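Engineer: Provide a 3D model corresponding to the input given below.
(6 chains)
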Number of protein chains: 6
Amino acid sequence: MEKVFVRDLVADQQIDTPFLISAMEVRQKRNGEDFLALVLSDRTGEIRAVLWDGVAEATHEVSTGDYALVSGKVTLFQDRLQVTAYRLHRLEPNDVDEADFVPATTGDVRKMWQELLDAVARIQEPLLRRLLEEILGDERIAERFRRCPAAKRHHHVFRGGLLEHTLSLVRLCEIVAEHYPSLNRDLLVAGAVLHDFGKLEELRFDLEFDYSDEGQLVGHIVMAASYLDRQMREMGFDDQLRIRVLHMVVSHHGEEQFGSPRKPMTPEAVALHYLDMLDSRMEMVRAALERDEDREGSFTSWVYSLERHIFKGSAE
Amino acid sequence: MEKVFVRDLVADQQIDTPFLISAMEVRQKRNGEDFLALVLSDRTGEIRAVLWDGVAEATHEVSTGDYALVSGKVTLFQDRLQVTAYRLHRLEPNDVDEADFVPATTGDVRKMWQELLDAVARIQEPLLRRLLEEILGDERIAERFRRCPAAKRHHHVFRGGLLEHTLSLVRLCEIVAEHYPSLNRDLLVAGAVLHDFGKLEELRFDLEFDYSDEGQLVGHIVMAASYLDRQMREMGFDDQLRIRVLHMVVSHHGEEQFGSPRKPMTPEAVALHYLDMLDSRMEMVRAALERDEDREGSFTSWVYSLERHIFKGSAE
Amino acid sequence: MEKVFVRDLVADQQIDTPFLISAMEVRQKRNGEDFLALVLSDRTGEIRAVLWDGVAEATHEVSTGDYALVSGKVTLFQDRLQVTAYRLHRLEPNDVDEADFVPATTGDVRKMWQELLDAVARIQEPLLRRLLEEILGDERIAERFRRCPAAKRHHHVFRGGLLEHTLSLVRLCEIVAEHYPSLNRDLLVAGAVLHDFGKLEELRFDLEFDYSDEGQLVGHIVMAASYLDRQMREMGFDDQLRIRVLHMVVSHHGEEQFGSPRKPMTPEAVALHYLDMLDSRMEMVRAALERDEDREGSFTSWVYSLERHIFKGSAE
Amino acid sequence: MEKVFVRDLVADQQIDTPFLISAMEVRQKRNGEDFLALVLSDRTGEIRAVLWDGVAEATHEVSTGDYALVSGKVTLFQDRLQVTAYRLHRLEPNDVDEADFVPATTGDVRKMWQELLDAVARIQEPLLRRLLEEILGDERIAERFRRCPAAKRHHHVFRGGLLEHTLSLVRLCEIVAEHYPSLNRDLLVAGAVLHDFGKLEELRFDLEFDYSDEGQLVGHIVMAASYLDRQMREMGFDDQLRIRVLHMVVSHHGEEQFGSPRKPMTPEAVALHYLDMLDSRMEMVRAALERDEDREGSFTSWVYSLERHIFKGSAE
Amino acid sequence: MEKVFVRDLVADQQIDTPFLISAMEVRQKRNGEDFLALVLSDRTGEIRAVLWDGVAEATHEVSTGDYALVSGKVTLFQDRLQVTAYRLHRLEPNDVDEADFVPATTGDVRKMWQELLDAVARIQEPLLRRLLEEILGDERIAERFRRCPAAKRHHHVFRGGLLEHTLSLVRLCEIVAEHYPSLNRDLLVAGAVLHDFGKLEELRFDLEFDYSDEGQLVGHIVMAASYLDRQMREMGFDDQLRIRVLHMVVSHHGEEQFGSPRKPMTPEAVALHYLDMLDSRMEMVRAALERDEDREGSFTSWVYSLERHIFKGSAE
Amino acid sequence: MEKVFVRDLVADQQIDTPFLISAMEVRQKRNGEDFLALVLSDRTGEIRAVLWDGVAEATHEVSTGDYALVSGKVTLFQDRLQVTAYRLHRLEPNDVDEADFVPATTGDVRKMWQELLDAVARIQEPLLRRLLEEILGDERIAERFRRCPAAKRHHHVFRGGLLEHTLSLVRLCEIVAEHYPSLNRDLLVAGAVLHDFGKLEELRFDLEFDYSDEGQLVGHIVMAASYLDRQMREMGFDDQLRIRVLHMVVSHHGEEQFGSPRKPMTPEAVALHYLDMLDSRMEMVRAALERDEDREGSFTSWVYSLERHIFKGSAE
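Structural biologist: Take a look at the predicted model:
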């Protein structure tokens, strides 16, 4: 059961390979009979499909969100490829390599996670270090942290994206703390580890990336602040330290209009904000250039999250 | 020891009455000797004062923030009244009627508080009612709630202002819930009681109104959300109800640029936002008209919080 | 001649029912012969149609904007339903129930109108009451007022929408005037009745809702102000009262950027603005929830007029 | 009774010359006796004054807003000049040359007025020309038009400023209509004559320039539109012409945020808006350069209405 | 080889006429064989085309950006016209009349160019005149100036558009300099000639209009300023004159947010900005009316560059 | 001739020390005689002074902008210190230590300059390195670079501020280029060295910091771009490299509204922008904390350039 990717399909190809069923709907042919209209996907893209016969069995076998072994043929319909399926056979998550179905970091998750733990271990302030160790040591949190994307859209939108972005930011904070000796290194690094931590519950990322209801109605900044406030009070943080940590989380978007109820007002919060901007924008630029690699022209297509084109180099 | 108010002082008047010492500084006369420059205040305003002799005794007796019985005379200096003090005698808070020194609601605090409790008692949803009863039943909270202003500036800037504004909003919510039957009355009323609750810790209001450090760095919205989140989780709220309550608090400023990380997305949050706007603006208008009562002209002077003048009526 | 609604059509259905012809165009088949491409509509939606034969007769019989009895069959073309018409027979407005063709309030127009008149009768100020009575007593105005939508899009976009919104606002004003005794109840209620009155001429709403030329170039605020200014001068209003009424109309959008040349500067104008916001937004929320009733997910689709999703409740 | 101007006063000078009393207040000397504190003004500026004796007689003789013959001496107090008055003698408006007291156009009002009438006479469209002739022929309007400033602040803030600005704009419109032959010359010129016409009632300009109550609450755009709408309906304008004229008035500020409920949507309204911007800004620049003539440096001081400095030329 | 225009094609028409090949892609038929999908264009529009046979020869013969003689037939596919091509024959630029393929000014380029030179000759200031004469006398520049559009989109988007706009602006400047005698006529006219001069290198306009890489990354304002700075330094301009010229170019967009690093701060720069706005907007209005001539309704469709509809006149 | 600083003056002190004369004006005493009103300054602040006798000699001896040896006494006038001068004696720049009179970097200028040259020497790309070497090797430029502040206000507003900021940014760029290997290290470092280079001519910084006329009218971005464009063309840069360097300079303010005609569109320009923001904001924070060191309270006073208060730490 070899995996064939959406990106590699060509007209007239016979296929027998697993896909994720992203959408599925019973419709009627002109003669009134039912047929099944589907959207099949994997980490390389998605494609429309139809199944003309055996609709009842198929709807009994699979539902939206399932994996399925799809037998069929690739056809060209109105200038676009689609799959004419003969048969759908449900697969369990264990039957497939999930990494084939959701975009994921190209980094080594295990190694990145260890590097994050190492950075935490370098924190001198005992309470801060213990706070981070307890959070990252909670296996439920750790498991989610290693899979969570950094956003629903915009930047690091892939499995492990939050970890990749967090680790990159932690390293930037370490070197920048050396550059500006007046910065409290421990605070800054802790802020980097925690700044987007609320996204673990703000986002849903089992198969498709979306907001949870609480994520939509309350937001990751308030969710993280509430969780951290509770933890720090229980661990006996003094008010000074507790407030400085909360402030970094609350202010890291930089301005009210971007969802931060307060602007950064401590040196560490100011540094964290600009380094977070730097790291997320550098990734947006990198992803835009990668996406556009094979496209002609000196500029990428419009990058919505950056509101500009990115220069790829002149062919002139 | 009769109280004479700043507003009523006239030139050449002999005084022997309590004031709050808002500022105090030792300076040097032209001959090099020390004298004391002070600012005295009560709820009607403030006035400069000097004490030429006995500076050492005076600085030993009183400090900034104390009440003092001031003996002296009102004089005219460079077209402005000031007090030439002969003697300062420290007073304890118990010696004075604190209401003479900070602006306060003209409402009957005891009665307003009872009305707020009555409104809470009308809530049908047991968990919501219990949450509010526990909060308002906490004597430390209740004591602060009855004294707290609704803001540092802008509206209801006086002792008991938060209570006055909250009660007014609760009543509006009750009648508007009747007008739109699809609104969940209990939720809306609870939102009204809780929406500015974080100001109890955001503001300092013992003598002068200012932000606490946590208020400045974290803000009343996140502070209230964090506290309520903790309470509701402990009381076993289901996620739906918990999130809807948090959402009302988080979104009540209406837009990100005004400090709400989320826009109102439930019917109750939408209604709460506009009624909060209505009540706070109506009070700004009322206060502007009151402040300007004796001033000539058809319009008040510029009202910063509303960015406009208010029409008082034509004399034409 | 039973009415079958667009919303209820299914593939292969034979129809013989009236529609409004929203668009109609002669095109050419591949063999060069003419055919007729149409859009048919009623208050539940619209559908494409084709008529292959008898094009000349059909174009002679009906035009865009006419009602027609359509005989034909519902077919599925490129995954969408369309009507293959055999015959079009023109109908006069009297032949159909117009309520089938334009969306309309679900309220009882006659009763709402009476309630509006009752509210006017409760106004004490004789000149104000007479002004409103004369306006609402003008049969041409009354007839339009009972049919006009409250807007071309955004909120209350249906027959009688202006009446429904106006009446709701009038009631809110009555109860809020009781809540804030300093408000001039008569002025506020009059403002509510008149605030969107200019829309009677700003909008066209015979079949489709659109702006009139004057509505587009001058706008309902200036049109209403001009009309009311003329009436009040003729009726002998003193300047004070005349200006206060004009000011409520002119300022009710709240800010210059939303089309009000002046911000609200009287207590009544401030209250009217926020209550108008409340009532129009509550209706947008209600309509969004209704539209999205059958759609999966915890949130409605994007609501353009509110720039957000509305929470429907968790299925989690 | 020769006029001596504020601008020309020097220390120790004896004066006996008329001023406008801009402010006047009874205060108390240190010994408790009354004295009178005043602000005297003319078109060149204002100066403080005191009157130590004869306060009762003086307050009986004159009030704020009166002209007075002031006898006294110029003194230096705390580094600033002030007038120590011996006697105030009330003057009637007829006793003074009002032009000495309010800033006024340097143009020849009579000649400018005639040129405006000439421009109107060049309009071909009979109804438009008659509308303008009737308006400018109304002696009450004409008298105000010749005195009214073009604004309370910002540009052409002097007697006759509205006439000067209107005439300049009319001429620009005439030459630009020649440049773009597709423009309707008559409409454009009529728009120029009428665009700020509402300022005649929006502003008060007898002695000091300020808004009238109606000006503040309704605004010159709505006031002019209402007046013109009434006139044009009475004169039998067809809807097309009436709407196009109203549209130019309504839209001439260019955007909603600058107080125009509609953006310019006809060629004439677009041209009128940019030419009005050009003429008002050119006058702001001219006035800023004139005001700053004697000040050192290559740039004027900050010009609030333009939000910039203006370059005067390098001394380098 | 008569030119038939896209705008005039009808179903079933046989064609044998030149087009520009705007896009060209090899795709696969359902049976796996190659076919060619093309977009053909000329100055009146573009149309899709397919070539079923002889794909190898065709791709050998022509590429995107070439002119080709297209033999084929116009067909109707899915309600839209397309061309079924039989044969493509490559043409050299000399074989066609390029004016058939790119939209161009309707003015007489030779005459407009002469008028621009005449305006330059009327400049008195010798250095300024020489600067302009040298620039316009450079044949490479002159050749581009006569062909360049004034923008990639928005206004004067056609061959010779820059010349047409520049000349119109120069004339406006001449008459406005007469209207405001304090304006330095020579400076203002020079600013008009040079203001958009950087577009010669900012834009590419051989066949399709687009930005050059330098245009996109540096922008016409900086490109022109850099070029002019170099020229003026070499020609020995004094700093005053050099800076005033640079300032007009740098500030002519009026505000930072529109790409001008400085606001206009000299009388000439202020005038140039508003006249540039006037001329570009008048052309947008003209073009919108022309484009919409045959469309029903009183208003044009939405004009993106103006963010509004334009009024065409009532049919009412 | 020991230097006594403004910051250290106390009442009744006799002085005989150099100051810079920041302002100087002849005024008249009440008796009509002349006296001299002055403002004296050094790098620690400024103080008012008067000279009652010998005015003619003094005005002959010194002018605004000169250094002077001031003999006199410190007095208290209206609660503020001022200097009563007996004699002013002009000093040449060589007579004083200029560092006493303008605020200056606390860094070692010679060492910082060498470090900047070292960083340039680490650039691999030969043309880029040569460009920077030639610029920094030009002694006139080097001399200004070592003295120039980084801005007229906002950040690094002191002698050598531009060097200090540039060097800090260069180091940040070096370490960040290591962090993101896809960045072109040479380009990024060159961008850092050059980004504010135009300020050498934009600012005047001999005694007081101000804009030059060209700085005000053209701006440092265009001035630097023009200069660099000329140099790179002469040195034979290819277009690619030339444009990428210009783009970094042109876009480093990040957005049009902040004076950059283009947004950053290359990875290096994006990184440079955020690192420039980081370094300038970190310095604003540092300076705000330093300025406010001795002031009571947990927060600094309002920091205009950051639009916020900065948290100093709780005293609670």
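Engineer: paired strands for the longest strand along chain A, with orientation please.
Structural biologist: For chain A, the longest strand by residue count, based on DSSP state E, is strand A:14-28. Applying DSSP bridges, strand A:14-28 is found paired with strand A:34-42 (antiparallel), strand A:67-77 (antiparallel).
Engineer: redo those as CSV? Include mean pLDDT and distance to F:Asp66.
Structural biologist: Placement of C-beta: from N, CA and C, glycine included. Below are these laid out as CSV (pLDDT from 0 to 100; distance: least, C-beta to C-beta, whole Å):
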stretch, mean pLDDT, distance to F:Asp66
strand A:34-42, 88, 78
strand A:67-77, 91, 85
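Engineer: mind listing what A:Leu246 touches?
Structural biologist: By C-beta atoms under 8 Å, 6 or more residues apart in numbering or on different chains, the contact set of A:Leu246 is A:225, A:228-229, A:232, B:214, B:217-218, B:222.
Engineer: let me know the closest of those residues to chain F.
Structural biologist: Using C-beta to the nearest C-beta, the shortest approach to chain F within these belongs to B:Leu217, at 6.2 Å.
Engineer: what pLDDT does the closest one get?
Structural biologist: Note on B:Leu217: pLDDT of 95.
Engineer: the one 5 residues further on too?
Structural biologist: B:Val222 is assigned a pLDDT of 97 by the prediction.
Engineer: that one contacts A:Ala225, doesn't it?
Structural biologist: Yes: with contact defined as C-beta atoms under 8 Å, B:Val222 counts as touching A:Ala225 (5.0 Å).
Engineer: neighbours of the residue nearest to A:Asp210 when sequence neighbours are not counted, just the number please.
Structural biologist: In this structure, A:Asp210 finds its nearest non-sequential neighbour in A:Arg204, 4.9 Å apart by C-beta to C-beta, 6 or more residues apart in numbering or on different chains. Residues near A:Arg204, counting by other C-beta atoms under 10 Å in any protein chain shown, number 16.
Engineer: and A:Arg204, its phi and psi?
Structural biologist: phi -110, psi 140 (degrees, to the nearest 10).
Engineer: in the stretch 151-300 of chain A, which residue sits nearest chain C?
Structural biologist: Counting by C-beta to the nearest C-beta, the stretch 151-300 of chain A gets nearest chain C through A:Asp213, at 4.8 Å.
Engineer: all strands for the stretch 101-250 of chain A, in order.
Structural biologist: Applying DSSP state E, counting those that start in this stretch to the stretch 101-250 of chain A gives strands spanning A:203-204, A:210-211.
Engineer: how about the strands paired with strand A:14-28 in JSON lines, adding mean neighbour count?
Structural biologist: Output for these, formatted as JSON lines (neighbours: other C-beta atoms under 10 Å in any protein chain shown):
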{"stretch": "strand A:34-42", "mean neighbour count": "19"}
{"stretch": "strand A:67-77", "mean neighbour count": "18"}
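Engineer: closest one to C:Met282 among these?
Structural biologist: When the strands paired with strand A:14-28 are compared by C-beta to C-beta, strand A:34-42 sits nearest C:Met282, at 36.8 Å.
Engineer: got the contact list for A:Leu20?
Structural biologist: Neighbour list for A:Leu20: A:40-42, A:65-67, A:101, A:207 [criterion: C-beta under 8 Å, 6+ apart].
Engineer: so the residue nearest to A:Asp210 touches A:Gln216, yeah?
Structural biologist: No: A:Arg204 is beyond contact range of A:Gln216, at 10.4 Å (criterion: C-beta under 8 Å).
Engineer: one step back: can you put the strands paired with strand A:14-28 in a markdown table and add distance to B:Arg87?
Structural biologist: Below are the strands paired with strand A:14-28 laid out as a markdown table (distance: least, C-beta to C-beta, whole Å):
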| stretch | distance to B:Arg87 |
| --- | --- |
| strand A:34-42 | 86 |
| strand A:67-77 | 89 |
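Engineer: what is the neighbour count of A:Glu125?
Structural biologist: For A:Glu125, the neighbour count with other C-beta under 10 Å is 15.
Engineer: again with A:Asp213
Structural biologist: Neighbour count for A:Asp213, taken as other C-beta under 10 Å: 22.
Engineer: which residues touch the closest residue to A:Arg43 other than its chain neighbours?
Structural biologist: Leaving aside its chain neighbours, A:Arg43 sits nearest to A:Pro103 (4.8 Å; criterion: C-beta to C-beta, 6+ apart). By C-beta under 8 Å, 6+ apart, the contact list for A:Pro103 reads A:43, A:157-159.
Engineer: check A:Leu167 too.
Structural biologist: Contacts of A:Leu167 (C-beta under 8 Å, 6+ apart): A:112, A:115-116, A:119.
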